[in-house]
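# Provide a 3D model corresponding to the input given below.
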Amino acid sequence: MMRYTALEFYKIRHKKILLMIVFLLCIELFWAFMAGSISLSRDPDAVSWEVIITFITQMNGLFLPILTAVVVSRICDMEHKGNTWKMLMTASVKREQIYAAKYMCACLLILFVIVLQLVATVVFCQSKSVTSPIPWELLIQTAMGTLVTSMAVIALQQWISLAITNQAFALCLGMLGGFIGITASLFPGMVRYFFIWSYYNELSPIVMRYIDSSVVYVTRGLSFPFVGGLLLFGVLLYTVGNFYVCRKEV
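Numbering: from 1, shown residues only. Down below sits the predicted model:
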């Protein structure tokens, strides 16, 4: 499997995916850190790690569905443009192996994004002289929630990207996911649970509450029942997508 995953990275070496990842990530971090800087200028004593982490998770709801759609689309599009499915079959390579390799490739790229986010968050907070110690537990929980959500989103996006030749559908789904991800907190509880993009915020270990006309950031930890449920749903999406694509006529 690692050989096929390495092959996927080799195939996208000229796709400038890393450049797109860094570009979109810089926009997201600039937006989040600008909001943090504004909060700091208004009330320097009120800014904490919880505030910055909350800004990051909110921006993830908007940007990561779009970024994931772009990454997965670029990874999958070459099979459509090059019509390589038949060529792979003649080389005795199972489509299930290629499907799994593409999924692993996309997951590793998104994991790279999450690691960059953590590093940038620590650097920003240290540069702003946030007095409290680095909350590694909160940062790791945030990364875990983001990764689990992204894995489910990748499974959905890969299914669509490989099932439909026109990648505009997959990209539109990513933009729709970004809209839902940033506005999901406005939906009723039982409604937003049905949208996987809403879990960028739902799995955040920190929740923002309005108490007496003031904003309070409450640490609630990572919801492991939600994590388990989302993992199972991601496995379901991957299994159904794999079954459909691998049995599709080429």
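# tell me which element M78 is part of?
Under the criterion of DSSP states H and E, M78 resides in helix 49-81.
# residue ranges with poor pLDDT in this structure?
Within the chain, the stretches with pLDDT under 70 are 1, 43-47, 82-86, 88-91, 213, 249-250.
# swap the cut-off to 90 and go again
Across the chain, the ranges flagged by pLDDT under 90 are 1-19, 31-55, 58, 75-98, 123-135, 163-167, 184-194, 201-202, 204-226, 244-250.
# Tell me which stretches of it form helices.
Along the chain, counting by DSSP state H, helices occupy 2-11, 17-42, 49-81, 85-90, 95-127, 136-163, 168-183, 189-192, 199-202, 224-246.
# So which other helices or strands are in contact with the last one?
Right, helix 224-246. Packing partners of helix 224-246 (3 or more Cβ pairs under 8 Å, 6 or more residues apart in numbering; DSSP states H and E): helix 95-127, helix 136-163, helix 199-202. For every residue, glycine as well, the C-beta is placed using N, CA and C.
# could you redo the helices of the chain as JSON lines and give each row distance to R209?
Output for the helices of the chain, formatted as JSON lines (distance: least, Cβ to Cβ, whole Å):
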{"stretch": "helix 2-11", "distance to R209": "42"}
{"stretch": "helix 17-42", "distance to R209": "16"}
{"stretch": "helix 49-81", "distance to R209": "11"}
{"stretch": "helix 85-90", "distance to R209": "51"}
{"stretch": "helix 95-127", "distance to R209": "22"}
{"stretch": "helix 136-163", "distance to R209": "17"}
{"stretch": "helix 168-183", "distance to R209": "18"}
{"stretch": "helix 189-192", "distance to R209": "15"}
{"stretch": "helix 199-202", "distance to R209": "13"}
{"stretch": "helix 224-246", "distance to R209": "19"}
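# quick one: which of these is nearest M208?
helix 49-81 (5.6 Å; Cβ to Cβ).
# Report how many residues lie close to V215.
Close neighbours of V215, defined as other Cβ atoms under 10 Å, add up to 12.
# picking up where we left off before, give me whichever of the helices of the chain is most buried.
Compared across the helices of the chain, helix 199-202 shows the largest average neighbour count, a mean of 26 (mean count of other Cβ atoms under 10 Å).
# what sits against the closest residue to Q157 other than its chain neighbours?
Spatial nearest neighbour of Q157, excluding adjacent residues (Cβ to Cβ, 6 or more residues apart in numbering): V72 at 4.2 Å. V72 is in contact with 102, 106, 154, 157-158, 161, 170, counting by Cβ atoms under 8 Å, 6 or more residues apart in numbering.
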